[in-house]
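1. structure, please.
(4 chains)
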Protein chains: 2
Amino acid sequence: MTIHTPSSIGRYASKFIDLTPEELTTFTAAFKEIKVKKRQFLVQPNFIAQHRYFILKGALRAYVVGEEGQDHTIQLAIEDWWISDYNSYMFRQPASMFVMAVEDSHLLQISFEDELQLKATSYKFETFFRILAERSVAFMQRRVITSLTQTAEQRYDTFVEKYPAMVNRFPQYVIASYLGMTTEFLSRIRNHKMKG
Amino acid sequence: MTIHTPSSIGRYASKFIDLTPEELTTFTAAFKEIKVKKRQFLVQPNFIAQHRYFILKGALRAYVVGEEGQDHTIQLAIEDWWISDYNSYMFRQPASMFVMAVEDSHLLQISFEDELQLKATSYKFETFFRILAERSVAFMQRRVITSLTQTAEQRYDTFVEKYPAMVNRFPQYVIASYLGMTTEFLSRIRNHKMKG
DNA sequence: AAAAAATGTTGAACCAGTTCAACATTACGG
DNA sequence: CCGTAATGTTGAACTGGTTCAACATTTTTT
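-> Numbers count the residues shown, from 1 in each chain, chains lettered A, B, ... in the order given. Have a look, this model is predicted:
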């Protein structure tokens, strides 16, 4: 028995909008539960991202591969976060990212069409997705600010402070590529700290 | 007579949502026309940003001031763009940015309360602001990607290519701080190009 | 039209972070 | 529990971009 499927996303949505029991049912019905194995891909470059994903359990990353073949992590996600290539998903463009499971994960997915449907069904659902987008804007703005204003070590410290739950869920090289530095340099930052 | 006040923002909104003449009137009525002089501030750190601004004519920038007193430009805006400290405006938090006019400018402002009102009035307005936020997400995601994957020179080239209209509207040091490099280095990039 | 303020340029020293290569450790499937 | 793949560490040379300082040019103000 899956205890949390309806309640988890329902509880999440209820943080932002007030739903009647019927609305709650309609809302949760739009999502499909899926399980993915570690290293499985959900989105790949040049294909259109068909879904956005809500993480019930697990960890995922979105990344682009640069000219010289190095990964650049654009987004990290664990429980209660959303992930996709949003430019691809929202504007029906070919994706530029991979979205990959970093752990075996348990997700809820919603398709672009079902999301449209939901938004057409009720005002409140439209509001919900507006709020999601606004929160993303605020989040990314913070990321732009830290990337412009902080050194590599400060960015790492900020990351540990703001997202302590993520630090132990992702390999070092993923965190390094998220923070815009090399694995080697992050290794040095960390070992440097242990001495003092 | 101000020819473009209602039509400009109305034309803009009509790109995304279909409005009846009455809705159009309600929508445009929520905005107030203002003029600002070069170097005038619209948002300042520690105060809550009360408005978001649509640029009818002019150029503005949003920036944070780092520990050592250097500017870091977070956003640039010319005609048909929006600007504010969105984290402050949307979530009623103290701003971390300055928003300043770079030219004498002609703007439409909407207050947080009037925007709420508008969103409560009609579904379509809710949709409009959702789309605005989604476009911001896609825009900022592109910025994060270029900042992680490109060198200083490539970032400048990309900027010139994507936003040619902005290049001549902002002083060099503003563009440099937007692209995450020093004025001196951007000067060298530009002069290097003129020979090479 | 002169003075002042803002913006842009150049050289030379410097440094935060990268690169490359070799090795160490941990995790994991069979 | 062994072997292999994935992840992490360390040193040493290197480089893309910064810093600082002095000067040049453009724009704005009076």
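
2. chain neighbours aside, what residue packs nearest to A:I74?
-> Taking C-beta to C-beta, 6 or more residues apart in numbering or on different chains, and ignoring the residues beside it in sequence, A:I74 has A:A62 as its nearest neighbour in space, at 4.8 Å. Every C-beta, even on glycine, is put in place using the N, C-alpha and C of the backbone.

3. is it true that the one you found touches A:I83?
-> Yes: counting by C-beta atoms under 8 Å, A:I83 is a contact partner of A:A62 at 5.9 Å.

4. overlap of the contact sets of the two?
-> Counting by C-beta atoms under 8 Å, 6 or more residues apart in numbering or on different chains, the shared contacts of A:A62 and A:I83 are A:75, A:77, A:99.

5. what's the separation between the first one and DNA strand D?
-> Pointing back at A:Q75 there. Look at A:Q75 and DNA strand D: by C-beta to the nearest atom of the strand, to the nearest Å, they are 17 Å apart.

6. SS state for that residue?
-> For A:Q75, the secondary-structure state derived from DSSP: H, G, I helix; E, B strand; the rest coil is strand.

7. contacts only, for it.
-> When contacts are counted by C-beta under 8 Å, 6+ apart, A:Q75 touches A:61-62, A:83.

8. that one and A:I110, how far apart?
-> A:Q75 sits 17 Å away from A:I110, going by C-beta to C-beta, to the nearest Å.

9. does DNA strand C have contacts with the longest helix anywhere in chain A?
-> Taking DSSP state H as the criterion, chain A has its longest helix at helix A:123-149. No: judged by C-beta under 7 Å from any atom of the strand, helix A:123-149 stays clear of DNA strand C, getting no closer than 10.5 Å.

10. for that helix, what does the pLDDT average out to?
-> For helix A:123-149, mean pLDDT is 97.

11. quick one, phi/psi of the residue nearest the centre of chain A?
-> Taking C-alpha atoms, centre = their mean, the centroid of chain A lies closest to A:I83, which sits 3.1 Å from it. The phi/psi pair for A:I83 (degrees, to the nearest 10) reads phi -150, psi 150.

12. so A:V144 touches B:Q141, yeah?
-> No: A:V144 is beyond contact range of B:Q141, at 10.3 Å (criterion: C-beta under 8 Å).

13. point out where chain A drops to low pLDDT.
-> Applying pLDDT under 70 to chain A flags residues A:1-7, A:194-196.

14. contact residues of it facing chain B?
-> Chain A has residues A:64, A:66-67, A:72, A:74, A:86-87, A:90-91, A:96, A:119, A:123, A:126-127, A:129-130, A:133-134, A:136-138, A:140-145, A:147-149, A:177, A:180 near chain B, with proximity defined as C-beta under 8 Å from any C-beta of the partner chain.

15. run the last query once more with 6 Å
-> Within chain A, the positions near chain B by C-beta under 6 Å from any C-beta of the partner chain are A:64, A:66, A:72, A:86-87, A:90, A:123, A:126-127, A:129-130, A:133-134, A:136-138, A:140-141, A:145, A:147-149, A:180.
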